[in-house]
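**Q** My questions concern the predicted model and sequence given below.
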2 protein chains.
Amino acid sequence: MGIDNVVDSVGLVQPQYLEISEKISLDSGESFGPIMVAFEKYGTLNDDKSNAVLVLHALSGDAHAAGYHSSQDKRPGWWDMMIGPGKAFDTNLFCVICSNVFGGCADTTGPMSVNPVTGRPYGASFPVISIRDMVKVQKKLIEALGIRKLLCVAGGSMGGMQVLEWAVSYSDCVKGAMPIACASRLSPQAIAFNVVGRRAIMSDPKWNEGNYDPKDPPAQGLEIARMVGHITYLSEESMQLKFGRRLRTGDKYAYALDPEFEVESYLKYQGEAFTKRFDANSYLYITKAMDYFDITNGSGASLEQVFKNVQAKFLVLAFSSDWLFPPEQSKAIAKALRAADKEVTYVSLESSSGHDAFLLEEAQTAPMIKNFLKHLQISA
Amino acid sequence: MGIDNVVDSVGLVQPQYLEISEKISLDSGESFGPIMVAFEKYGTLNDDKSNAVLVLHALSGDAHAAGYHSSQDKRPGWWDMMIGPGKAFDTNLFCVICSNVFGGCADTTGPMSVNPVTGRPYGASFPVISIRDMVKVQKKLIEALGIRKLLCVAGGSMGGMQVLEWAVSYSDCVKGAMPIACASRLSPQAIAFNVVGRRAIMSDPKWNEGNYDPKDPPAQGLEIARMVGHITYLSEESMQLKFGRRLRTGDKYAYALDPEFEVESYLKYQGEAFTKRFDANSYLYITKAMDYFDITNGSGASLEQVFKNVQAKFLVLAFSSDWLFPPEQSKAIAKALRAADKEVTYVSLESSSGHDAFLLEEAQTAPMIKNFLKHLQISA
């Protein structure tokens, strides 16, 4: 990818903003507001506003899903491979919308936003939020755009959790739902990795109980958190293919404690790069929301019961080498939907790319997504 | 296990020590000495010293493999389930020996030992070592005990790497070899987890380039390293069984950033407990030695070629849910041994316990180990 692809993409896009001035009630019981929502739109909303597709980002994503903000950008938005003219989410047909999640750090209100009451960042006084709270904020955005019913909600990983929440909480507003590489609740193993990441951040002396200077953040803690995350996004196989046991330079061990394997410098690079674009407190709040995620909300209800009132048709996608959200977890979603008499297609795709496959396997997924969206549109 | 089991165990044991006064040459090219080796013995060495079994510990283990140091001890040695009268390693028949590895922190010379030249701990001036260096030190111990040939070398995880190194480097000194839950070289994924652990330690301001006061060590960094490690020792399934998504107290989310899932407090407890018994610099050096481990030593030779001169018979054990050292990696060892015309039995055992299975699956492994040792003894 690169700037040469601007012509193949949705081109230059403008970040947009919505201020939700009234307070919204959160799962924690708190009321919170005002909330600024950063979002982007690709393609044109039709007259009856029936062609809107809401795309939902993962832990480290943002509203910039496709195209370029400026001709100087080195990279397009995070799902540009999938969103654009003629692409899986075809912007000649659909109006694709993506917003940064509530609690995030890319212009939607989150822990590092300034609290209008104190004039300082919320820091750790920001309320602990849930995936449902994020979706509640997205619902306000969709209402503000005058959209009554979304043609489709789609997203991978944490985005997939939001898809499920949309389909269950706002069942009459969702025509099609596409949860990719996700689960109906976060597994203890995935919680454990989040716990390590949070612990690394909160152990960094610069974290200072969440009240740090944005110019001097707990970067080392966040770097470690991201390194752990990255291991879980790859597979054993993709690590073998990408790095093997290759050394960064030469073929002799240095007999020093410094990084020397390629996998080591890759993780270090990814960790460092992340600290330049992501906020440590956001990382804490968003991973906590993921840990809490259980679409049954601990109600004791079965997945089948929870899906009873769902109106959306489903396309559930998973990837064979994804061990963070293994195909079995997606399959369980599909099984429960079927048991609840819903229309669902479940596909586990062969891929060596691990969890990251949802961002990479365009060739395999695009035809399925196109087909799914086409049939949703026809039945409109 | 508990003090009531003293009678079923090897009973009270005395830590023993050997000082190797001459310098040994390390893989790095450095010469290093003197080295103190802490070891323990269970059972009696027979007159021709043909019944010695060397047991090799994993990353966080030590020389205290069985029995109790005092009647006040709450727990016996780390492999007590397997070592004792009538047990898998039957101390009525064999003299079982275990030593703390070179580079360790349980009385064998390691980075926190006092450098006799400076009168202060070596810290980061300790040489970077390899698994082969550890085994070289063990060889000195075995020689000092007057043992020419070991009936068997056995160990799991990093202990299994040492088993392979023994069988290859000292082929005429090993009659039987039992690598358990290990690999012929560390995978990039396993390296990656070690990298995160080291990064956490080295990012802790208290690490101070390795020159910290032993009374004020980088405990938070080591705690995070151990938390990461623990996730890799369990399996997705064992985490589901052990913790699921259960909360520590009640069934309502606290909506706070504090630990609240059971898996969270488990990891925190394990991390904290570890910092009370393990040294952060040792963790750096030992994980680095593991990262370096490749029994072919990057020589370009195949595994089969490396095993050509091996004289030992092999029992290779792996566990189905071990994803840190998956059965395929053990199978590759067995396959190469067979291709090199060696006598080898490979068994992948069903277990939900993940990598930890090598410490837990006594009921499944003990009969195989007994049988293997019996036949080694008969053919003596």
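**A** Looks like it came in fine. Residues are numbered from 1 along each chain as shown, chains lettered A, B, ... in the order given.
**Q** does the nearest residue to A:Val55 once chain neighbours are set aside count as helix, strand or coil?
**A** Distances taken as CB to CB, 6 or more residues apart in numbering or on different chains place A:Cys98 nearest to A:Val55, at 4.5 Å, with adjacent residues excluded. No exception for glycine: its C-beta is placed from N, CA and C like everyone else's. Assigned state for A:Cys98: strand (three-state reduction, DSSP: H, G, I helix; E, B strand; the rest coil).
**Q** Model confidence score at A:Cys98, please.
**A** Reading off the confidence values, A:Cys98 has pLDDT 98.
**Q** try A:Ile3
**A** For A:Ile3, pLDDT reads 50.
**Q** do the same with the one 4 residues further on
**A** Among the per-residue scores, A:Val7 holds a pLDDT of 64.
**Q** Could you give the bridge partners of the residue nearest to A:Val55?
**A** Under the criterion DSSP bridges, A:Cys98 forms beta bridges with A:Glu40, A:Val55.
**Q** Now do the contacts for it.
**A** Neighbouring residues of A:Cys98 by CB atoms under 8 Å, 6 or more residues apart in numbering or on different chains: A:39-40, A:54-57, A:63-66, A:77, A:79.
**Q** Could you measure from it over to A:Ser282?
**A** 17 Å (CB to CB, to the nearest Å).
**Q** burial measure for A:Trp166, as a count.
**A** A:Trp166: 29 surrounding residues under other CB atoms under 10 Å in any protein chain shown.
**Q** And the most centrally placed residue in chain A, how far from A:Ser99?
**A** When CA atoms, centre = their mean is applied to chain A, the residue found nearest the centroid is A:Ala58 (1.4 Å). From A:Ala58 across to A:Ser99, the span is 13 Å (CB to CB).
**Q** Whether stretch A:146-163 contacts chain B - can you check?
**A** No. Interface with chain B: stretch A:146-163 contributes nothing (CB under 8 Å from any CB of the partner chain), its closest point being 14.0 Å away.
**Q** wait, is A:Met36 part of a strand?
**A** Yes. The assignment for A:Met36 is a strand, going by three-state DSSP.
**Q** Quick check: bridge partners of it?
**A** A:Glu19.
**Q** list the contacts for it?
**A** A:17-20, A:107-109, A:113.
**Q** So which elements touch the helix or strand that contains A:Glu237?
**A** In this assignment (DSSP states H and E), A:Glu237 forms part of helix A:236-242. Counting contacts by 3 or more CB pairs under 8 Å, 6 or more residues apart in numbering or on different chains; DSSP states H and E, helix A:236-242 packs against helix A:262-275, helix B:188-203.
**Q** Tell me which of those sits nearest to A:Gln220.
**A** For the helices and strands packed on helix A:236-242, the distance to A:Gln220 is smallest for helix B:188-203, at 4.3 Å, taking CB to CB.
**Q** CA atoms of that closest one as CSV?
**A** This file holds the C-alpha atoms of helix B:188-203, laid out as CSV (Å, rounded to 0.1, in the frame of the first residue of the first chain):
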residue,chain,number,x,y,z
PRO,B,188,9.9,-17.8,17.7
GLN,B,189,6.6,-17.7,19.6
ALA,B,190,8.3,-18.9,22.8
ILE,B,191,11.2,-16.5,22.2
ALA,B,192,8.6,-13.7,21.9
PHE,B,193,7.1,-14.5,25.3
ASN,B,194,10.6,-14.5,26.8
VAL,B,195,11.3,-11.2,25.1
VAL,B,196,8.3,-9.6,26.8
GLY,B,197,9.3,-11.0,30.2
ARG,B,198,12.9,-9.6,29.8
ARG,B,199,11.5,-6.3,28.5
ALA,B,200,9.3,-6.0,31.6
ILE,B,201,12.3,-6.6,33.9
MET,B,202,14.6,-4.3,32.1
SER,B,203,12.0,-1.5,31.9
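**Q** hmm, back to that, can you list the buried residues in the helix holding A:Glu237?
**A** Residues of helix A:236-242 classed as buried: A:236, A:238-240, A:242 (neighbour count, 16 or more other CB atoms under 10 Å in any protein chain shown).
**Q** cool, stretch A:51-69 as well?
**A** Of the residues in stretch A:51-69, A:51-68 count as buried by neighbour count, 16+ other CB under 10 Å.
**Q** Start and end of that stretch, how far apart?
**A** 24 Å (CA to CA, to the nearest Å).
**Q** burial count for A:Pro188?
**A** A total of 26 residues lie near A:Pro188 under the criterion other CB under 10 Å.
**Q** distance of A:Phe105 from A:Ala63?
**A** That one is not Phe; residue A:105 is Cys. On the measure of CB to CB, A:Cys105 and A:Ala63 end up 12 Å apart.
**Q** For the residue of the stretch 201-350 of chain A found nearest chain B, give me the pLDDT.
**A** Closest residue of the stretch 201-350 of chain A to chain B, CB to the nearest CB: A:Tyr255 (3.6 Å). A:Tyr255 carries a pLDDT value of 97.
**Q** Now it: phi and psi?
**A** Main-chain torsions, A:Tyr255, degrees, to the nearest 10: phi 50, psi 50.
**Q** And the residue in the stretch 1-150 of chain A that chain B sits nearest to, which helix or strand is it part of?
**A** The nearest approach of the stretch 1-150 of chain A to chain B comes at A:Ser28, 3.6 Å away (CB to the nearest CB). A:Ser28 is part of no helix or strand when elements are defined by DSSP H and E.
**Q** Once you drop chain neighbours, what's closest to it?
**A** Per CB to CB, 6+ apart, closest to A:Ser28 is B:Tyr255, 3.6 Å.
**Q** you'd agree that neighbour is up against A:Val128?
**A** Yes. With contact defined as CB atoms under 8 Å, B:Tyr255 reaches A:Val128; the gap is 4.1 Å.
**Q** Of those two, give the one with the bigger neighbour count.
**A** Taking neighbours as other CB under 10 Å, B:Tyr255 and A:Val128 compare with A:Val128 leading, 22 against 17.
**Q** which residues does the more buried one contact?
**A** Contacts of A:Val128 by CB under 8 Å, 6+ apart are A:28, A:285, A:288-289, B:255-257.
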